[in-house]
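Participant: quick one: sequence plus predicted model below, questions after.
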Amino acid sequence: MLTVARERIFLRELRQAYFLSQPNASRLSSRTVLFLHHAHEAVNDAALERTFGEGARKSWTCTDISKLEALVEERDEKAMMLEDAEVELIRSFNKRRLQGAAPPNVSDTGLSSSEKELRPMYRLSLLIGTQVDKISYAREIVSKNAGKIQKARQGRTTKPPKRGNAIFIEYTTQAQARKAYHHLSFNRPLNLDPRYIGISPKEVLWKNLTRSLATRLTMKNTANAFIALTIIFWSIPVGLVGTLSNINYLADKVHFLRFVYDLPPAVLGVLTGLLPPLILSSFISYVPKFMRCTYADDCIR
């Protein structure tokens with residue numbers, strides 16, 4: 001216990017020294033606090049210090065750009081498809097060149113039949129969809145989405161997008177940011193919880209910042225209830241795996257399992273000694289992935 005207490009004191013001092021170090025203190029994220037819930041009418045430059053504490057100097061409110069993000073994601077996906085298709089075509093040409101075949105002729109009216117044979121194809125639907133030229137299809141989609149993205153960006157200037165509940169507040173100093181992070185609580189007129197400080201952009205799940213507090217709480221409670229039920233029923237497959245180690249005992253009770261007595265000792269040893277922990281470790285390895293998928297509605301990684 002003395003060792004644990006000593007290490008905790010050392011960790012606290014080391015953590016404090018890291019926060020006060022020049023490389024960390026000079027970061028913008030060290031002076032910025034993320035509030036996931038606030039009143040829109042209280043956010044203006046004149047009332048920043050009154051609402052968010054002393055030293056608040058700038059604010060950035062998150063907006064709902066889900067439609068624009070969907071267009072950008074589709075454009076990026078098709079751009080990568082176009083790049084892969086063009087590289088595949090270049091490799092096909094180079095392979096034919098190395099084999100000593102004559103290069104395909106390209107006329108003014110279009111592509112020759114031999115060049116068409118080398119171009120990659122893309123099926124629009126799985127298994128039964130129509131096949132189209134992959135390069136032409138990807139170029140068309142990228143071009144269309146580029147126009148839609150430009151129009152959506154121009155629309156943001158004429159019609160402001162929907163504002164979310166999350167807001168980033170920059171403070172003049174790190175001490176003022178820390179003070180606001182620790183002192184702003186429910187006794188204020190505004191509910192400014194939950195809040196985070198010192199987070200980098202890669203740690204933020206930007207798509208979730210525009211969700212309302214009620215939606216976030218509902219999804220969190222649903223996830224907690226689902227995890228609780230999973231813990232209860234998780235013992236069933238774990239128990240079944242554990243029975244493999246007691247297969248000899250079960251064989252005495254269940255008649256159709258007595259074939260295990262005819263197995264070689266090495267096979268029986270693997271079945272009762274090695275196989276259960278191997279299956280159990282593989283089964284448990286999916287728990288972190290399952291938890292991340294369940295709590296994917298959080299705003300911080």
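Facilitator: In hand now; what should we look at?

Participant: residue 146 contacts residue 76, correct?
Facilitator: No - the pair formed by residue 146 and residue 76 falls short of the contact definition of CB atoms under 8 Å, at 11.2 Å. The C-beta positions use only the backbone N, C-alpha and C, and glycine is treated the same way.

Participant: what about the lengthiest helix in the chain, average pLDDT?
Facilitator: Residue-count comparison of every helix in the chain, with assignments taken from DSSP state H, identifies helix 66-98 as the longest. Here the mean pLDDT over helix 66-98 is 89, rounded to a whole number.

Participant: count residues in the vicinity of residue 51, would you?
Facilitator: Per other CB atoms under 10 Å, the neighbour tally for residue 51 reads 22.

Participant: does it lie in a helix or a strand, and which?
Facilitator: With elements taken from DSSP states H and E, the one containing residue 51 is helix 48-52.

Participant: list the buried ones in that helix?
Facilitator: For helix 48-52, burial by neighbour count (16 or more other CB atoms under 10 Å) applies to 48, 51, 52.

Participant: on contacts alone, who are the packing partners of that helix?
Facilitator: Using 3 or more CB pairs under 8 Å, 6 or more residues apart in numbering; DSSP states H and E as the contact criterion, the secondary-structure elements in contact with helix 48-52 are strand 56-63.

Participant: can you pull the buried residues of the strand it packs on?
Facilitator: Neighbour-count burial for strand 56-63, counted by 16+ other CB under 10 Å, picks out 56, 59, 62, 63.

Participant: pLDDT and distance to residue 291 added to the residues you listed, as TSV?
Facilitator: TSV is the format used below for these (pLDDT from 0 to 100; distance: CB to CB, whole Å):
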residue	pLDDT	distance to residue 291
56	84	35
59	82	33
62	81	25
63	80	30
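
Participant: out of these, who's nearest residue 37?
Facilitator: residue 62 (11.6 Å; CB to CB).

Participant: for the stretch 201-301 of the chain, which segments are assigned as strands?
Facilitator: For the stretch 201-301 of the chain, none of the segments meets the definition of strands by DSSP state E, counting those that start in this stretch.

Participant: show me where it dips below the pLDDT cut-off.
Facilitator: 248-258, 260-261, 296-297 (pLDDT under 70).

Participant: does residue 32 touch residue 169 like I think?
Facilitator: Yes - at 6.8 Å, residue 32 and residue 169 qualify as touching, with contact defined as CB under 8 Å.

Participant: these two: who's more crowded?
Facilitator: Remark: of residue 32 and residue 169, residue 169 carries more neighbours, 28 against 19, as counted by other CB under 10 Å.

Participant: how about the contacts made by that one?
Facilitator: By CB atoms under 8 Å, 6 or more residues apart in numbering, residue 169 lies in contact with 32, 33, 35, 48, 52, 56, 58, 59, 180.

Participant: partner strands of the host helix or strand of it and their direction?
Facilitator: When elements are assigned from DSSP H and E, residue 169 belongs to strand 163-171. Strand 163-171 has the following sheet partners, assigned by DSSP bridges: strand 32-35 (antiparallel), strand 56-63 (antiparallel).

Participant: dump the C-alpha coordinates for the first one into CSV.
Facilitator: Written as CSV, here are the backbone C-alpha positions of strand 32-35 (Å, rounded to 0.1, in the frame of the first residue of the first chain):
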residue,chain,number,x,y,z
THR,A,32,-9.4,25.2,-25.0
VAL,A,33,-12.4,23.7,-23.3
LEU,A,34,-15.1,21.7,-25.1
PHE,A,35,-18.6,22.1,-23.7
